[in-house]
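Engineer: I would like the atomic coordinates for the input below:
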Amino acid sequence: TQNTHDQMRLNERQVAHFARFSTRVDKQGYLMKRGALNTNFRRRWFSLKGNLLFYFKTREETATSDPLGVIILERCSVESCNRAVDDPRHYFQIRFEGNDTRHYQLACESEDDMIGWMRAITQASYEFLATVVDDLQHRIQELQLARLAKEDAARAADFEGPAAAAAAA
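Structural biologist: Residues are numbered from 1 along each chain as shown. Predicted coordinates:
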């Protein structure tokens, strides 16, 4: 099967406009990103908007330039990576299903920052949000059933109350 990444076609102009002008930002900040060709880590400004993770050269370029790239956060997993003892950075990667897909390696300055990014990226996918919605709908149904059972018990008590009082008299 082909990866969703490969099947999805986006209009580059619309994506660039969304990256620069959409006011909704779920998380943003600097991360170190390992390049696909040049495998050195480079500092990039990341902006998470829904399930799209945009990256720019600098924060200032978000208002004036198109993003360097966008990562569509679907059918992916996020996991921390090992690091050298003397390395102050905290590494994680975004992995996609399939053998021929690119994996993104990122690094943060602190463990708390890494955990925050990993959580935000994990929670950005449509699949995650669909699971949350399903869970909430199930909880609402359970609460509605409990409320109906309570109302039925109260009606039964009201109905039995006068009949029991008349029989006792």
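Engineer: Least confident secondary structure element in the protein?
Structural biologist: Every helix and strand of the chain was ranked by mean pLDDT, DSSP states H and E. The lowest is helix 4-7, at a mean of 43.
Engineer: Surely Leu31 is within a strand?
Structural biologist: Yes: the assignment for Leu31 is a strand, going by DSSP: H, G, I helix; E, B strand; the rest coil.
Engineer: now Phe41, nearest residue through space, not along the chain?
Structural biologist: Residue nearest to Phe41 in three dimensions, not counting chain neighbours: Met32, with 4.1 Å by CB to CB, 6 or more residues apart in numbering. Every residue, glycine included, has its C-beta placed from N, CA and C.
Engineer: If you tally nearby residues, what's the number for Gly69?
Structural biologist: Each residue near Gly69 was counted by other CB atoms under 10 Å, and the total is 14.
Engineer: show me what contacts it?
Structural biologist: Applying CB atoms under 8 Å, 6 or more residues apart in numbering, we find Gly69 in contact with Phe54, Tyr55.
Engineer: same thing with Phe46?
Structural biologist: Phe46 touches Lys27, Gln28, Gly29, Tyr30, Leu31, Lys33, Leu53, Phe54, Tyr55, Phe56, Trp117, counting by CB under 8 Å, 6+ apart.
Engineer: Wait, a helix at it?
Structural biologist: No: counting by three-state DSSP, Phe46 falls outside a helix, being strand.
Engineer: Run through the bridge partners of it.
Structural biologist: Gly29, Tyr55 (DSSP bridges).
Engineer: Can you read off the pLDDT for it?
Structural biologist: According to the prediction, Phe46 has pLDDT 96.
Engineer: now do the one 10 residues further on
Structural biologist: We note a pLDDT of 93 for Phe56 in this prediction.
Engineer: Can you tell me how far the nearest residue in space to it that is not next to it in sequence is from Thr58?
Structural biologist: Spatially, and ignoring its direct neighbours in sequence, Phe56 is nearest to Trp45 (4.6 Å; CB to CB, 6+ apart). For Trp45, the distance to Thr58 equals 6 Å [CB to CB, to the nearest Å].
Engineer: When the two are compared, which one has more neighbours?
Structural biologist: Neighbour count, other CB under 10 Å: between Trp45 and Thr58, Trp45 has more, with 19 against 12.
Engineer: Would you confirm that that one contacts Pro67?
Structural biologist: No: here Trp45 lies out of contact with Pro67, judged by CB atoms under 8 Å, at a distance of 9.2 Å.
Engineer: what residues do the two have in common as contacts?
Structural biologist: Tyr55, Phe56.
Engineer: Perfect, that will be all.
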